[in-house]
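[1] Just the structure for this:
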Amino acid sequence: MIEISNYLQDGANYQAQAVLAIMKARERHIRQYAVDKMQLLPERERGLLRYSYENTHIEVGRYENGREQGYVFTLYFNISQDKHYAVYEHRKSDQLIVLCPTKRTRTTNTPTHEQMWGDENRTTYDYNKAFECEQIVECADYICEDMKKQIDRDFELSLKLKELRRNTINITEYQKQSKELRGKYDDYTKKID
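    Residues are numbered from 1 along each chain as shown. Next up, the predicted model:
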């Protein structure tokens with residue numbers, strides 16, 4: 001037997017571990033949210049998006065920044081890493097912190113503190129959201145809601161890109177027709193002269 005406080009200890013504190021447990025349980029809800037989004041598209045427009053939406057998932061890795069130990073949850077959506085969320089207990093308080101990068105970070109490993117912030121000059125007091133001690137469920141709720149917002153943003157972007165492609169095809173077709181009409185017009189004006 002082992003003391004409960006030392007059981008399953010990987011460096012992260014119990015608050016971060018509790019968020020991890022909740023996120024494990026909620027991953028299927030995030031996936032279902034993405035699939036439901038895809039269902040809003042007409043059947044003929046789903047195509048490759050079906051694979052992206054149905055394979056939405058969350059991966060987890062360790063977050064290590066000195067005394068700040070926790071996890072990074074990465075939302076994989078639309079065939080790529082979409083967003084990272086580091087969760088850890090702040091080194092100078094009992095607050096549970098959520099840190100999200102300001103720009104997308106692509107990495108095959110768990111992103112480091114430097115990768116999370118990029119070139120920005122940040123301090124230990126910079127973060128996206130803080131929760132009071134033991135607001136574990138609220139922390140997980142925040143992450144899940146933000147993941148859904150990210151899926152919504154990507155979905156809207158996908159629709160805009162599809163529309164842009166459709167318009168580009170139309171413009172290309174109009175340019176061909178315009179060229180043909182211009183040629184016919186030139187032929188007609190030559191006959192008149």
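[2] For this structure, which segments are assigned as strands?
    For the chain, strands defined by DSSP state E occupy the ranges 57-65, 68-77, 80-89, 96-99, 129-131.
[3] Lowest mean pLDDT across those, which one is that?
    Note on the strands of the chain: lowest mean pLDDT is at strand 80-89, with a mean of 82.
[4] Report the buried residues of that strand.
    Buried residues in strand 80-89, counted by 16 or more other C-beta atoms under 10 Å: Gln81, Asp82, Lys83, His84, Tyr85, Ala86, Val87, Tyr88, Glu89. All C-beta atoms are positioned from the backbone trio N, CA, C, and that covers glycine.
[5] what's next to stretch 16-27, contact-wise?
    Residues from elsewhere that reach stretch 16-27, judged by C-beta atoms under 8 Å, 6 or more residues apart in numbering: 8, 12, 57-58, 60, 69-71, 73, 87-89, 96, 136-137, 139-140, 143-144.
[6] Could you say which of the strands of the chain is packed most deeply?
    strand 96-99 (a mean of 24; mean count of other C-beta atoms under 10 Å).
[7] so what strands line up beside it?
    strand 80-89 (antiparallel), strand 129-131 (antiparallel) (DSSP bridges).
[8] Skipping adjacent residues, who's closest to the spatially most central residue of the chain in space?
    Residue closest to the average C-alpha location in the chain (C-alpha atoms, centre = their mean): Asp82, at 3.0 Å. In space, and not counting its chain neighbours, Asp82 is closest to Leu75: 4.7 Å by C-beta to C-beta, 6 or more residues apart in numbering.
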